[in-house]
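A.B. asks: kindly generate the corresponding structure for this input.
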Amino acid sequence: MKKFPLIILLSFVLLAGCMGAPVRDAAKVDLSVPVGKIEDNHFVGIRYPFKISAPAGWKVSLEIPSFMESLGYDKEGLQESEVFVYNPSTQSNLQIDFVPAGRYAKFNQESIEWITEAARGSFKEELEKDYGTGIKVEYGPTTPYSLKGVPYAAKKYAIYTVKGVKREQGWIYAFAEPYQIFILYMILEKEGSHDREDMKKILDSFEVFSKK
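C.D. replies: Reported below is the predicted structural model:
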């Protein structure tokens, strides 16, 4: 939980593609370019080509929500994310990070799903560090996931309880040339909330678009 568990596994992707000729030019990211713009709860990326929207009652922000560290997130890891979508009343949240792929890294649906599943080990280790080895965790299956403009994506989630509040924490790992995409979300189940339905709407609104 202190750092997106999939980041730890990037080396597997890079090593898997380190043979043969490069498959792409080195991706250049101009950090002087603004991350994007937000209008009426709708984000459109400038530095990276993606957009996402949030329903009423949620907020889209380029700033780290003040409560996220109290949920177990590490500030350094949060700073790697480009945008945050969250419900200020329930603290359910989502964050997105784009990482340029290496010149030799090759991707397909099978490798995306393998890495998504392998992240379970890192996730469990961090969770036990924060809440002890006695914490009970129920994992959902690793499944393909559909995101607009994204050829390869997979999702996995875990359900556990902290201080009497049930949480669903999930991660989506995806690839759309030339970027690896990391989406991490957390739903805190509060009575009367519709966060699960809202989170689906948020993810359905995500889209990678062409800059051309």
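A.B. asks: chain center to the longest helix belonging to the chain, what's the gap?
C.D. replies: Ranked by residue count under DSSP state H, the longest helix found in the chain is helix 109-131. With Cα atoms, centre = their mean, to the nearest Å as the basis, helix 109-131 stands 13 Å off its chain's centre.
A.B. asks: how about that helix, which residues are buried there?
C.D. replies: Using 16 or more other Cβ atoms under 10 Å as the test for burial, helix 109-131 gives 111-116, 118-120, 122-124, 126-127, 131. From N, CA and C alone the C-beta is placed, and that goes for glycine too.
A.B. asks: grab the nearest non-local neighbour of residue 198.
C.D. replies: residue 55 (5.1 Å; Cβ to Cβ, 6 or more residues apart in numbering).
A.B. asks: the one you found - how many residues pack around it?
C.D. replies: Neighbours of residue 55 under the rule other Cβ atoms under 10 Å: 15.
A.B. asks: contacting residues for it?
C.D. replies: 41, 198, 201, 202 (Cβ atoms under 8 Å, 6 or more residues apart in numbering).
A.B. asks: okay, and which of those map to helices?
C.D. replies: 198, 201, 202.
A.B. asks: would a markdown table of those residues with pLDDT and distance to residue 165 be doable?
C.D. replies: Putting the ones in helices among the contacts of residue 55 into a markdown table (pLDDT from 0 to 100; distance: Cβ to Cβ, whole Å) gives the following:
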| residue | pLDDT | distance to residue 165 |
| --- | --- | --- |
| 198 | 98 | 17 |
| 201 | 98 | 22 |
| 202 | 98 | 20 |
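A.B. asks: any idea how far the one residue sitting closest to the centre of the chain lies from residue 110?
C.D. replies: Taking Cα atoms, centre = their mean as the criterion, residue 183 is the residue nearest the geometric centre of the chain, at 1.2 Å. Residue 183 is 20 Å from residue 110, where distance means Cβ to Cβ, to the nearest Å.
A.B. asks: tell me what the longest helix of the chain is packed against?
C.D. replies: Where contact means 3 or more Cβ pairs under 8 Å, 6 or more residues apart in numbering; DSSP states H and E, helix 109-131 is packed against helix 5-8, helix 10-16, strand 143-144, strand 152-162, strand 165-176.
A.B. asks: ok, and the most crowded of the contacts of residue 55?
C.D. replies: Neighbour max across those (other Cβ under 10 Å) = residue 202, 23 neighbours.
A.B. asks: check the offset of the next helix or strand after the longest helix of the chain from the chain's centre.
C.D. replies: Counting by DSSP states H and E, the element after helix 109-131 in chain order, helix or strand, is strand 138-139. Taking Cα atoms, centre = their mean, one finds strand 138-139 lying 18 Å from the centre of the chain it belongs to.
A.B. asks: ok, now stretch 59-70?
C.D. replies: Per Cα atoms, centre = their mean, the centroid offset for stretch 59-70 relative to its chain is 14 Å.
A.B. asks: ok, now stretch 188-205?
C.D. replies: Centre-to-centre, stretch 188-205 and its host chain are 16 Å apart (Cα atoms, centre = their mean).
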